[in-house]
Structure formats: structure tokens, C-alpha cells
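S.K.: Got a sequence here, can you build the structure:
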Amino acid sequence: MSIAIRKIYLMNNDVGHIWLNGPTIVFNLGLALLFTHELDAALHAEWRLLWVLQDISDGAASKWFIWLLLPVFLAALYLRQNHNLTIRLTFRRMVCVFLPIHTALHFSLSNYPDYQFRHLSSELMIYGAGLCGIVYCLLWWVDLSEHPA
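M.R.: Take a look at the predicted model:
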């Protein structure tokens, strides 16, 4: 691949330049599904599944759960638009590796009595985010095989 085409490819993968490209759409959809799932998780008492919060009263645990998400969301929003391309792409890759792991954790917890994510909308958020992570990682792998460093 010529240097000029490689520069265009990198610019298109740079979320600061073009939002509408395959990897960016997949990443943003996966992150949006994860954020939406966390809203759903607050409604369905996900803290009952977390060893750190499960022994605290529901009232206190729900507040801790919601407030602990604030720095996570803030960091995600900051890192996804960071001016440094290496930081942005590393963050994307970390999130997209995490998404299927998160989905697998939900699948493994689905038989627990406190698991409250058995309806279609919750499952679409959880499994959709995992699928986005897998698709993004596949796109990343194809890019690596076509453009070795």
C-alpha cells in the first residue's frame, strides 16, 4: 500500500477527523450499548452481583454503584476523544477487548437468582456490545495483517 493511501487510512481511523467509518461506528455503538446497559444495570440492581457491593443495603449500594460509574464514564468520554491518536486507539482496543469479556461474565452469571437481565432489551444491550467488541477486534486484526508495523 502506498504511503499516501496509508495516511488516508490512518486519518479515517482517527476519530478526530472522520466519525463515519467502519471501526469508529462499531466502537461508538459498542460504547453506547455499554453505557446504556449501565443505566439498565442501575434499574436492575446489578450491584447485587458485585462482590464489593453485594453485602451493602440496596439503598446505599445503588448510590455507590451510580456514583462509581461517573468517573468511569468521564474517563471514557475523555479518552475516546483524546488528541493523541495512540491514546485514542489504545483506549478503543481496550474497550473492545473488554466488551466480549463483560458479555461472557453476564452469561456466566445468568443462572444466579439475583440476575435481573433476562428481558430482550437488556440482552440486546449486553450481547450487542459484546458483538461490537468482537467485530472491532476482527477489523483491528485485519488491519494488522494488511499493514504490519
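
S.K.: Tell me where the chain is predicted with low confidence.
M.R.: 1-20, 149 (pLDDT under 70).

S.K.: how about a cut-off of 50?
M.R.: 1-2, 5-9, 15-18 (pLDDT under 50).

S.K.: list the contacts for the residue most central in space within the chain?
M.R.: The structure's the chain has its C-alpha centroid closest to residue 31; by Cα atoms, centre = their mean the separation is 4.1 Å. Each residue near residue 31 by Cβ atoms under 8 Å, 6 or more residues apart in numbering is listed here: 76, 80, 95. Every C-beta, even on glycine, is put in place using the N, C-alpha and C of the backbone.

S.K.: got TSV for those residues, with distance to residue 131, neighbour count and secondary structure too?
M.R.: TSV is the format used below for the contacts of residue 31 (distance: Cβ to Cβ, whole Å; neighbours: other Cβ atoms under 10 Å; DSSP: H, G, I helix; E, B strand; the rest coil):
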residue	distance to residue 131	neighbour count	secondary structure
76	19	16	helix
80	19	17	helix
95	14	21	helix
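
S.K.: Export stretch 80-90 to PDB, keeping only CA atoms.
M.R.: Taking Å, rounded to 0.1, in the frame of the first residue of the first chain, the C-alpha atoms of stretch 80-90 are listed here in PDB:
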ATOM      1  CA  ARG A  80     -12.300   8.400  23.200                       C
ATOM      2  CA  GLN A  81     -11.600  12.000  22.000                       C
ATOM      3  CA  ASN A  82      -8.100  12.400  23.300                       C
ATOM      4  CA  HIS A  83      -5.900  14.500  20.900                       C
ATOM      5  CA  ASN A  84      -3.200  11.700  20.900                       C
ATOM      6  CA  LEU A  85      -4.100   9.100  18.300                       C
ATOM      7  CA  THR A  86      -2.100   6.400  20.100                       C
ATOM      8  CA  ILE A  87      -4.100   7.000  23.300                       C
ATOM      9  CA  ARG A  88      -7.400   7.000  21.400                       C
ATOM     10  CA  LEU A  89      -6.700   3.800  19.500                       C
ATOM     11  CA  THR A  90      -5.300   2.100  22.600                       C
END
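
S.K.: All good on my end, thank you.
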